[in-house]
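*Asks:* Provided below are the primary sequence and the corresponding predicted coordinates.
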Amino acid sequence: MTRPTRVRFAPSPTGPLHMGGVRTALYNYLFAKKYNGTFVLRIEDTDSQRFTPGAEEYIIESLRWCGIMPTEGVDENGKVVEEASSQHPHAPYRQSQRKAIYRKYADQLVASGNAYYAFDSAEELATLRSEMEAKGETFIYNYSTRKNLRNSLTLGEDEVKRLLEETNDWTIRFKMPENRVVAMDDLIRGHIEVNTSTLDDKVLYKRADELPTYHLANIVDDHLMEITEVIRGEEWLPSLPLHYLLYEAFGWQDTMPRFAHLSLLLKPDGKGKLSKRDGDRLGFPVFPLNWLSSTGEVYSGYREKGYFAEAFVNLLALLGWNPGNDQELFTLEELTQAFSLDRVVMHGARFNPDKAKWFNKEYLRKHSDESLAKDFEAILEEKGIKADFDYVVKVVSLIKERATFVADFWDIAWYLFKAPCEYVEKDVAKFWKEENYTLAFKVADFIAAFPGELEKEALESALEEYIRGNEWPMGKVMNCLRLALVGSSSGLGIADIVCLLGKDEFERRVAAIKTALC
RNA sequence: GGUGGGUUCGUAUAACGGUUAGUACUCAAGAUUUUCAUUCUUGCAAUAGGGGUUCGAUUCCCCUACCCACUACCA
């Protein structure tokens, strides 16, 4: 029996989604697309304490920007789904809205002897923990300690009933078996075995807020939503035995999803996993979009830094996965074709900001001059410059190979939009010598007298012929002229600059440097 | 501390027992160019250490080291 592929991305709305999370979403998306399956977005907001307003919207907007929209869930092909209906049998997709579902399943586990009620308060357990720690031991709530604690396994039936009714800070814990080896299979890591004696009796349900914990909600929802593959971060690998046991306790082994645990993204420098502060500390974003924290701090995003979504997605795809050949540039479509979980690497990947820039540079070249010109116009407008669109397109076509971001365009080509008001000292010292500029002015006169329309190829060869014919030093003369036109000795070729500026502006600039430097 | 996972050039990765250990980014040098950039060529640079198994180990097994995750009434 093969079931239709259904995968899910299930973030917790506790803050902005960072690039590791986007990568997890991307791999889920690619996997779903590859098998013509469904990509579900579920919001795991069972922690009322850490709920962060705006986080869910941020997650959705991020996925939309990346072009990896869920096909089912809180966001369905760009539309919000709130309630269950015949069209949406699996809705709602926020766990807080599914509250009523979980208690039943938790009780079922108690009834079948796989779980029990625990009445220890959080404070009691905390002191117990620190006491044992002081003695150099570690406290585990499991078979070895549960018989000495206050729960439905040790208390009398009447007492349990009374506590259940009269108090409201009890929990339901999973009764982890003693000394059983759980054999698991991971799509990426292969076979893994763990002895249950090292595991603890995890809380599954909290009476205090009537909410399940991650483990229960996750298993119940994955089951109810008919998830076939769970592709998630490595941080969940230690809970995998619990999840296996939970499926078993519910009797859902037959439809238990297959699991794939992705390694984490590491800091570019030093130790540890990539964290939200690393980005701005090291000068690159760790988030897809800008995020304004509640304390007023702004964490920068790839979008706002000028990365193209395709470049971001491409670099993320290759961070921990490879196609098995040398191809590095992929469209989303190509990625879905090429993607497979068995080519996902097991070790953590250290993010490399230089490579990220390289990707963007490649994508920038792929964009049409027109679309880049449109983006550049916005920047020009900020600078207070109004230029003819065709002119901007022409400029872009000449400078796009020199840029990594659209934002670089201004630094590269500002002199095509306004005259230089100062001249780079170093270049002046190097080139602005009388024997050079007297020749440069002659060349300027030659250009001013150039007959007919200015046209790059024609002008270029005429200039070359003229200068070489006179046996003048090409480099010195041209750099002098460039200095006059753009204020520095680096920039586009003279013919390009002159053709773009036009004769009038050209002559104005030559005149300006004469008065400034001669 | 315990449990689980990992370890190939600086970084990302390839090589599913036999290769001069490949590729990309970064960096360096050279060529091209009127400068800068682009482009092209070349170069630097790795199997964590130690034991096995094998005719042969980057690849399989064990030990050590290091890294990562988990160890909450958080996800």
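*Replies:* Alright, I've got the coordinates.
*Asks:* going forward, measure contacts and count neighbours with C-alpha atoms only.
*Replies:* Fine.
*Asks:* State the number of residues packed around A:Ala122.
*Replies:* As a burial measure, A:Ala122 scores 11 neighbours (other C-alpha atoms under 10 Å).
*Asks:* now A:Gly493
*Replies:* 14.
*Asks:* Tell me where the stretch 201-350 of chain A has helices.
*Replies:* A:214-224, A:240-250, A:278-282, A:302-305, A:309-317, A:332-338 (DSSP state H, counting those that start in this stretch).
*Asks:* Is RNA strand B within reach of the last one?
*Replies:* To tie it back to what came earlier, the one meant is helix A:332-338. No. Judged by C-alpha under 7 Å from any atom of the strand, helix A:332-338 stays clear of RNA strand B, getting no closer than 13.3 Å.
*Asks:* from the chain's centre, how far out does that helix sit?
*Replies:* 18 Å (C-alpha atoms, centre = their mean, to the nearest Å).
*Asks:* May I see the buried residues of it?
*Replies:* Neighbour-count burial for helix A:332-338 flags A:332, A:335-336 (criterion: 16 or more other C-alpha atoms under 10 Å).
*Asks:* got CSV for those, with pLDDT too?
*Replies:* Shown next, in CSV, are the buried residues of helix A:332-338 (pLDDT from 0 to 100):
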residue, pLDDT
A:Leu332, 97
A:Leu335, 98
A:Thr336, 97
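*Asks:* Name the nearest of those relative to A:Gly493.
*Replies:* Closest approach to A:Gly493 among the buried residues of helix A:332-338 (C-alpha to C-alpha): A:Leu332, at 37.2 Å.
*Asks:* how close does that closest one sit to A:Ser197?
*Replies:* The gap separating A:Leu332 from A:Ser197 is 45 Å, by C-alpha to C-alpha, to the nearest Å.
*Asks:* for chain A, which helix is longest?
*Replies:* For chain A, the helix with the greatest residue count under DSSP state H is helix A:494-517.
*Asks:* which element is the closest residue to A:Val510 other than its chain neighbours on?
*Replies:* Leaving aside its sequence neighbours, A:Val510 sits nearest to A:Ala484 (C-alpha to C-alpha, 6 or more residues apart in numbering; 5.7 Å). Using DSSP states H and E, the element containing A:Ala484 is helix A:474-486.
*Asks:* which parts of the stretch 101-250 of chain A sit against RNA strand B?
*Replies:* So far as C-alpha under 7 Å from any atom of the strand goes, the stretch 101-250 of chain A lies against RNA strand B at A:119-122, A:125, A:138-140, A:169-171, A:189, A:192-195, A:198, A:202-203, A:206-208, A:212-215, A:234-239.
*Asks:* Walk me through which strands the worst-scoring helix or strand of chain A on mean pLDDT pairs with, and which way each runs.
*Replies:* When the helices and strands of chain A are scored by mean pLDDT, DSSP states H and E, strand A:79-80 comes last with a mean of 82. Note on strand A:79-80: by DSSP bridges, its sheet partners are strand A:75-76 (antiparallel).
*Asks:* Contacts for the partner strand next, please.
*Replies:* A:41, A:60, A:69-70, A:81 (C-alpha atoms under 8 Å, 6 or more residues apart in numbering).
*Asks:* Give me the residue ranges of chain A where confidence is low.
*Replies:* Under the criterion pLDDT under 70, the flagged ranges of chain A are A:1, A:270.
*Asks:* got the domain boundaries for it?
*Replies:* If you go by automatic domain parsing, the domain ranges for chain A are A:97-262, A:419-517.
*Asks:* so how far is the first residue of the longest one from its last?
*Replies:* I take that to be domain A:97-262. End to end - C-alpha to C-alpha - domain A:97-262 spans 28 Å.
*Asks:* The shortest one too?
*Replies:* Criterion C-alpha to C-alpha; first-to-last residue distance in domain A:419-517 is 15 Å.
*Asks:* try stretch A:41-59
*Replies:* Start-to-end span of stretch A:41-59 (C-alpha to C-alpha) is 10 Å.
*Asks:* now that stretch, how far from the centre of its chain.
*Replies:* With C-alpha atoms, centre = their mean, you get 17 Å for stretch A:41-59.
*Asks:* just to revisit the earlier point, not counting the longest helix of chain A itself, show me its contacts.
*Replies:* Helix A:494-517 has contacts (C-alpha under 8 Å, 6+ apart) with A:391, A:395, A:416, A:419, A:441, A:444, A:448, A:454-457, A:459-460, A:478, A:481-482, A:484-485.
*Asks:* quick check, it touching RNA strand B?
*Replies:* Yes. Using C-alpha under 7 Å from any atom of the strand, we find that helix A:494-517 touches RNA strand B at A:494-496.
*Asks:* Relative to RNA strand B, which residue of the stretch 51-200 of chain A is the closest?
*Replies:* Per C-alpha to the nearest atom of the strand, A:Ser121 is where the stretch 51-200 of chain A lies closest to RNA strand B, at 3.1 Å.
*Asks:* by contact count, what packs against whichever helix or strand comes after the least confident helix or strand of chain A?
*Replies:* Per DSSP H and E, strand A:79-80 leads on to helix A:99-111 as the next helix or strand towards the C-terminus. Applying 3 or more C-alpha pairs under 8 Å, 6 or more residues apart in numbering; DSSP states H and E, we find helix A:99-111 packed against strand A:115-118, strand A:203-206, strand A:211-212, helix A:214-224.
*Asks:* can you list contacts of helix A:99-111?
*Replies:* Contacts for helix A:99-111 (C-alpha under 8 Å, 6+ apart): A:115-117, A:172, A:204-205, A:210-212, A:216-217, A:220, A:249-250.
*Asks:* relative orientation of that helix and helix A:214-224 in degrees?
*Replies:* 100 degrees (axes from the mean of the first three to the mean of the last three C-alpha atoms, to 10 degrees).
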